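*Asks:* no sequence for this one, just the structure:
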C-alpha cells in the first residue's frame, strides 16, 4: 500500500464505514498508520489489488471479515507483562482493595486472557480472589474464545514465570496451571472468577461499577478522540478512589479527564480516581 494520500485516506474511510454499517464494529477512530498497515496485510493475504476490492470481499464474505478482524484487533500480550506494573498494584492498590467487602475489576481489551489470569493470580496470592469478580472484555470473539479456554503454549511459560517472580509473585506460577503435553491449562479456581464478554470501547457504554480498570497497550491504537471516550468510560465505571492502570506508552496527561485522577505510580502508569 503506498504512503498516505487524499485518495488513500478516502478509501480507508470508506472501508471503515462499510465495516461499521455491515458488522457494527467501529474502527473509524483508530490510529490511521496502524490501520493502514493491517489493511495492507489483508490485501496481500486475499490477493486484492485495491482497498475497494478488499471492501467488496469484506462485505460479501463474512469469513474474510473475521480473518481481517483478527488482524485489526491483534494485541501481543503475555502473563505479568511489565512485571513492575503488577508490583505497583501489589504495593499501592491491593492495600486499598482489601478494604472492600466485594471487588469488581475490569480488564478492557483482554486479548488472549493473559492479563485477566495474571490479575486473578495476583488476587489469589493476596487472599482476595474469593471476593473478586473480573470482567475481561474484547471486541474479538476469537480472542475471547482463546481467553475463555485459558490454554497457552508451554514454550511461553518460562517467560511467564520470570515475569511472575519479578512482579512479587508468591510461590510458583505452576501452582496455577496444569501441564499437558506442550500446553498448560489455567486452573478452574481462576476461571470461575472471570467473566469474558464482548465489549467495544468505541460504541458500548459502562456495564458495572468497578474498583480497578486495567487497560494496557490498547489505547495506543486509538486516536485522541477515541482515547478520550475510553477514559470517560473508565472514569464512569470506577468508584470514588478506584484505580486505573495503563500501558507504558499511554497516559492520561492530555485527556479531558486528567483532572479526575491523581498519579499513584507515575512510571508504572497507575492512577487513582479522586474522591470528589
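*Replies:* Received the coordinates, thanks. Being a predicted model, the structure only gives us computed values, none of them experimental. Numbers count the residues shown, from 1 in each chain.

*Asks:* Mind giving me the packing neighbours of the longest strand along the chain?
*Replies:* The longest strand of the chain (DSSP state E) is strand 238-246. Counting contacts by 3 or more C-beta pairs under 8 Å, 6 or more residues apart in numbering; DSSP states H and E, strand 238-246 packs against strand 210-215, strand 270-273. For the C-beta atoms, the positions are set from N, CA and C on the backbone; glycine is no exception.

*Asks:* Report the buried residues of the last one.
*Replies:* Yep, that's strand 270-273 we're talking about. Using 16 or more other C-beta atoms under 10 Å as the test for burial, strand 270-273 gives 270, 271, 272, 273.

*Asks:* tell me the helices in this structure, going along the chain?
*Replies:* 6-23, 32-45, 51-60, 62-72, 83-88, 94-97, 114-125, 141-149, 157-166, 188-191, 224-237 (DSSP state H).

*Asks:* Just list what the fourth one packs against, helices and strands only.
*Replies:* Which is helix 62-72. Using 3+ C-beta pairs under 8 Å, 6+ apart, the elements in contact with helix 62-72 are helix 6-23, helix 32-45, helix 51-60, helix 141-149.

*Asks:* what's the closest of the ones you listed to residue 231?
*Replies:* Using C-beta to C-beta as the measure, helix 32-45 is the one of the helices and strands packed on helix 62-72 that comes nearest residue 231, at 19.2 Å.

*Asks:* So what's the gap between that closest one and the chain middle?
*Replies:* Distance of helix 32-45 from its chain centroid, counting by C-alpha atoms, centre = their mean, to the nearest Å, is 21 Å.

*Asks:* what do you get for stretch 55-71?
*Replies:* For stretch 55-71, the distance to the chain centre is 22 Å (C-alpha atoms, centre = their mean).

*Asks:* Next, the distance between the ends of it.
*Replies:* By C-alpha to C-alpha, to the nearest Å, the extent of stretch 55-71 from end to end equals 15 Å.

*Asks:* if we look at that stretch, which residues are touching it?
*Replies:* By C-beta atoms under 8 Å, 6 or more residues apart in numbering, the residues outside stretch 55-71 that reach it are 11, 14-15, 18-19, 22-23, 25, 38-39, 41-42, 45-46, 48, 54, 140, 142-143.

*Asks:* can you do 7 Å?
*Replies:* Residues outside stretch 55-71 that contact it (C-beta atoms under 7 Å, 6 or more residues apart in numbering): 14-15, 18-19, 22-23, 25, 38, 41-42, 46, 48, 140, 142.

*Asks:* Break the chain down into its domains, please.
*Replies:* Per automatic domain parsing, the domain ranges recorded for the chain read 6-72, 83-273.

*Asks:* where's residue 154 relative to residue 145, distance?
*Replies:* Going from residue 154 to residue 145 by C-beta to C-beta, to the nearest Å gives 20 Å.

*Asks:* cool, and residue 242?
*Replies:* Remark: distance between residue 242 and residue 145 (C-beta to C-beta) = 29 Å.

*Asks:* Between these two, tell me which one has more neighbours.
*Replies:* Neighbour count, other C-beta atoms under 10 Å: between residue 242 and residue 145, residue 242 has more, with 25 against 12.

*Asks:* Any regions of the chain where pLDDT drops low?
*Replies:* In the predicted model, the chain carries pLDDT under 70 at residues 1-4, 31-32, 73-76, 276.

*Asks:* hang on, the earlier thing: quick one: closest of the helices and strands packed on helix 62-72 to residue 261.
*Replies:* Proximity to residue 261 (C-beta to C-beta) singles out helix 32-45 among the helices and strands packed on helix 62-72, at 26.0 Å.

*Asks:* what's the closest residue to residue 130 other than its chain neighbours in contact with, if anything?
*Replies:* Leaving aside its chain neighbours, residue 130 sits nearest to residue 193 (8.0 Å; criterion: C-beta to C-beta, 6 or more residues apart in numbering). Residue 193 is in contact with 120, 129, 132, 133, 134, counting by C-beta under 7 Å, 6+ apart.

*Asks:* Okay then, goodbye and thanks.
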